[in-house]
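Peer 1: My questions concern the predicted model and sequence given below.
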Amino acid sequence: MTSTNRIKLSAMMFLEFFIWGAWFVTLGTFLGKNLSASGTQISLAYLTQSIGAIIAPFIIGLIADRFFSAQKILGVLHLVGAALLWTASQSTNFDSFFPVILVYMILFMPTLALVNSVSFRQMKDPGKEFPAVRVLGTIAWIVAGQIIGWLSWEQTDKLDITFKMAAAASVLLGLLSFTLPATPPLKKEGKIAIGDVLGLDAIRLLKNRSYLLFFLSSVAICIPLAFYYNFTNLFLNESGMKSAAAVQTLSQVSEALFMLLIPVFFIRLGVKKMLAIGMLAWVLRYVMFAYGNADANYWMLIMGLVLHGVCYDFFFVTGQIYTDNLAGERFKSAAQGMITLATYGVGMLIGSLVSGPIVDAYATSGGHDWKSVWLIPAAIAAVVLLLFMLLFKDRNAAGKAPVNTPLTEPNEINPLI
């Protein structure tokens, strides 16, 4: 990969996640304070992410793998998204906010797979090259959170500005996208099948038993993840933490560190151990939140945030690279869309439907009984971890194949497993 392409891809990844982190982290607090939304309504707003992720594979299968260049459709989606984010900032109640953010997330979620697809197509060894590019996205979340904390938007009820900031970044990425390395569709010959249009050919990956178990684990582990995304900022603010959004960027600092170390862990641990360690970290994180507070146990809140690096990198980034290796050249984009469906789609959808009513059930006169709330996702994550360790078979023969060797058929044993 040339240095010019590396810079462009890094800028793309930075803006992609700056847009998301600029408003998504504080969404629950914005809805609760500015729009007087309930826990169930907050979960419904976050559920739009899942709807977008479920639709994403169909969009990716249509536009990026068959008909249009990925970087061009990425630009169009972000330019339209900028207008929607600005409109969302003008909302005065939940009823007017919800349909706007729903349409926006339907357009935004496919871009997560598109930026991965554009990146992987320029790399000879994604296992080594991708983390250095993807880490810019993590840095972007840190920058967004620090801006929000530095300007005290949480304390002054000015979180509507976060949507305007995201809209400006979306315009920049929309324009930048048209200058990115060309990522034309790979499938040009032959009859157009309905499976190509819907991105269904990536489903063939599920014929691999190990990948099927990974896919199901991805769905299940994202149920407790919804609690973290939907309510952590509200929880920290209710706990009395000052500049919570800025402190939350410790999660991204940890994420950036571990992301750079992924190539090393890949070689030493293999996929199964990395995924298992990631899930164990989720159990520990929620326990820390359950027993932490802004006084004597403040360190537990910090530790819960710092564990995010292990939680995210060891599961999500590992899973993205694993999926790319398994897919091969023919349907990389559709495969990335499918794993987005499993995680941010189905898993987070179920999690959002479950988490909102649970948080409402533990509402108190002064906020919420957060100890009881956080022990529930901790228990769910523990069960998923146990089942994964029992059922996932590690067939890796150390040193027999490089980590970037793709499969030619979906039922072959992937060297990553």
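Peer 2: All right, it came through fine. Numbering: from 1, shown residues only.
Peer 1: For the rest of this, base every contact and every neighbour count on C-alpha atoms.
Peer 2: Noted.
Peer 1: Pop out the phi and psi values for residue 364.
Peer 2: phi -120, psi 180 (degrees, to the nearest 10).
Peer 1: contacting residues around it?
Peer 2: For residue 364, no contacting residues are found, by CA atoms under 8 Å, 6 or more residues apart in numbering.
Peer 1: Past the strand or helix carrying residue 113, which element shows up next along the chain?
Peer 2: Here residue 113 sits within helix 94-121, counting by DSSP states H and E. Counting by DSSP H and E, the element after helix 94-121 in chain order, helix or strand, is helix 126-150.
Peer 1: residues of the helix or strand encompassing residue 309 that come out buried?
Peer 2: Here residue 309 sits within helix 308-312, counting by DSSP H and E. By neighbour count on 16 or more other CA atoms under 10 Å, the buried set for helix 308-312 is 308-312.
Peer 1: how close does residue 241 sit to residue 350?
Peer 2: When CA to CA, to the nearest Å is the yardstick, residue 241 and residue 350 sit 29 Å from each other.
Peer 1: before we move on, back to that, got the angle for the helix holding residue 113 vs helix 126-150?
Peer 2: Angle of helix 94-121 versus helix 126-150, following axes from the mean of the first three to the mean of the last three CA atoms, to 10 degrees, is 150 degrees.
Peer 1: list the buried ones in helix 94-121?
Peer 2: Buried residues in helix 94-121 (16+ other CA under 10 Å): 94, 97-98, 100-121.
Peer 1: try stretch 364-383
Peer 2: Buried residues in stretch 364-383 (16+ other CA under 10 Å): 368-371, 373-382.
Peer 1: swap in stretch 26-45?
Peer 2: 26-34, 37-45.
Peer 1: and that stretch, what's its mean pLDDT?
Peer 2: The average of the pLDDT scores along stretch 26-45 is 91.
Peer 1: Can I get it in PDB, CA atoms only?
Peer 2: Provided in PDB are the C-alpha atoms of stretch 26-45 (Å, rounded to 0.1, in the frame of the first residue of the first chain):
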ATOM      1  CA  THR A  26     -24.000  11.200  24.500                       C
ATOM      2  CA  LEU A  27     -27.300  10.300  22.700                       C
ATOM      3  CA  GLY A  28     -28.900   8.800  25.800                       C
ATOM      4  CA  THR A  29     -28.100  11.900  27.800                       C
ATOM      5  CA  PHE A  30     -29.300  14.200  25.000                       C
ATOM      6  CA  LEU A  31     -32.600  12.400  24.800                       C
ATOM      7  CA  GLY A  32     -33.100  12.200  28.600                       C
ATOM      8  CA  LYS A  33     -32.200  15.800  29.400                       C
ATOM      9  CA  ASN A  34     -33.100  17.700  26.200                       C
ATOM     10  CA  LEU A  35     -36.100  15.800  24.900                       C
ATOM     11  CA  SER A  36     -37.300  14.200  28.200                       C
ATOM     12  CA  ALA A  37     -37.200  10.700  26.800                       C
ATOM     13  CA  SER A  38     -37.800   7.500  28.800                       C
ATOM     14  CA  GLY A  39     -35.400   4.600  29.000                       C
ATOM     15  CA  THR A  40     -37.500   2.700  26.400                       C
ATOM     16  CA  GLN A  41     -37.500   5.700  24.000                       C
ATOM     17  CA  ILE A  42     -33.700   6.000  24.400                       C
ATOM     18  CA  SER A  43     -33.400   2.300  23.500                       C
ATOM     19  CA  LEU A  44     -35.700   2.800  20.500                       C
ATOM     20  CA  ALA A  45     -33.300   5.600  19.300                       C
END
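Peer 1: residues in contact with it?
Peer 2: Contacts for stretch 26-45 (CA under 8 Å, 6+ apart): 92-94, 98, 101-102, 154, 157, 159-160, 230-231, 233-234, 245, 352-353, 355-357, 359-360.
Peer 1: name the helices or strands packed onto the helix holding residue 309?
Peer 2: The elements that helix 308-312 packs onto, with contact taken as 3 or more CA pairs under 8 Å, 6 or more residues apart in numbering; DSSP states H and E, are helix 244-291.
Peer 1: Right, I'll call it a day here.
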